[in-house]
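S.K.: Have a look at this fold, sequence not included:
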C-alpha cells in the first residue's frame, strides 16, 4: 500500500489500495496531490482575486490616488426610506437621513407636493444628497407643518385639516 501525506495535522494519511483499477488509483493520487480548502482556507479567495491587489497598488502609485479623489467628489443621490404613520389628527413622516447637519435639511411644501431634501458632507466619504417628494392632501396649510431632526431621522408632522378628520355623527332616534 502506498500512502500520501500532506505534512499537515489537518489531513490524516490517505492510503491507496494497489488492488484497485489504474483509473481509481490515478483519481486517488490526484486527490492526494490536490490542495484542499482545509489546508489553505483562503485558496479560493486568492484564485478569484488574481493579482488585483498588485494592480490596485500600481494604480495608486502611478496616479497618486487622483482617481479615488475624483470618485469621492462625485455626488451620490439617494431616496431616503420613509415610514408614514397616521392617527386621528395628523400624518407623521419619518425619513432616514443620517449624517446630515440639521441646517442642511430642507422641507418644502408647494401646492400639493411635500419635498424632503438634505446633503451630507462627511470628510473621507462621497457626499450624499437625499431627496424625496410626496403628494399631500389639498387644503394643507404650510404654516401648520412642523419638522424635527434627531439621531438621523427627520420627523415631519402634517396635521389633517379639520374637514378631513373623522368625527362621530350623532344618530337621532325617530
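M.R.: Perfect, I can see it now. A quick note: this is a predicted structure, and the numbers were derived from the prediction, not measured.
S.K.: where along this protein do the helices fall?
M.R.: Per DSSP state H, the chain carries helices over the ranges 22-33, 43-49, 52-63, 66-73.
S.K.: now the first one: mean pLDDT?
M.R.: Helix 22-33 shows an average pLDDT of 59 in the prediction.
S.K.: Kindly report the same for the third one.
M.R.: The pLDDT scores in helix 52-63 average 59.
S.K.: And the shortest one, by the same measure?
M.R.: When pLDDT is averaged over helix 43-49, the result is 52.
S.K.: Give me the neighbour count for the nearest residue to residue 166 once chain neighbours are set aside.
M.R.: Among residues not flanking residue 166 along the chain, residue 88 sits closest, at 6.3 Å (Cβ to Cβ, 6 or more residues apart in numbering). Every residue, glycine included, has its C-beta placed from N, CA and C. Number of residues near residue 88 (other Cβ atoms under 10 Å) recorded here: 8.
S.K.: Any stretches of this protein with poor pLDDT?
M.R.: By pLDDT under 70, the low-scoring segments of the chain are 1-73, 165.
S.K.: What residue spans form the domains of it?
M.R.: With automatic domain parsing as the criterion, the domains of the chain are listed as 14-49, 76-164.
S.K.: export those to TSV and tack on distance to residue 171?
M.R.: Output for those, formatted as TSV (distance: least, Cβ to Cβ, whole Å):
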stretch	distance to residue 171
domain 14-49	73
domain 76-164	20
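S.K.: highest average neighbour count across those?
M.R.: Mean neighbour count (mean count of other Cβ atoms under 10 Å) peaks for domain 76-164 among the domains of the chain, with a mean of 14.
S.K.: Can you give me the end-to-end span of that domain?
M.R.: Domain 76-164 has an end-to-end distance of 39 Å (Cα to Cα, to the nearest Å).
S.K.: Same question for stretch 157-173.
M.R.: 40 Å.
S.K.: So which residues make contact with that stretch?
M.R.: Applying Cβ atoms under 8 Å, 6 or more residues apart in numbering, the external contacts of stretch 157-173 come out as 88-93, 114, 136-137, 139-141, 144-147.
S.K.: And for stretch 85-96?
M.R.: 80-84, 114, 116, 130, 132, 134, 136, 152-160, 165-166.
S.K.: Just these: which are in strands?
M.R.: 82-84, 114, 116, 130, 132, 134, 153-159 (DSSP state E).
S.K.: Return the member of those nearest to residue 74.
M.R.: Distance to residue 74 across the ones in strands among the contacts of stretch 85-96 (Cβ to Cβ) is lowest for residue 130, with 15.7 Å.
S.K.: All set, thanks.
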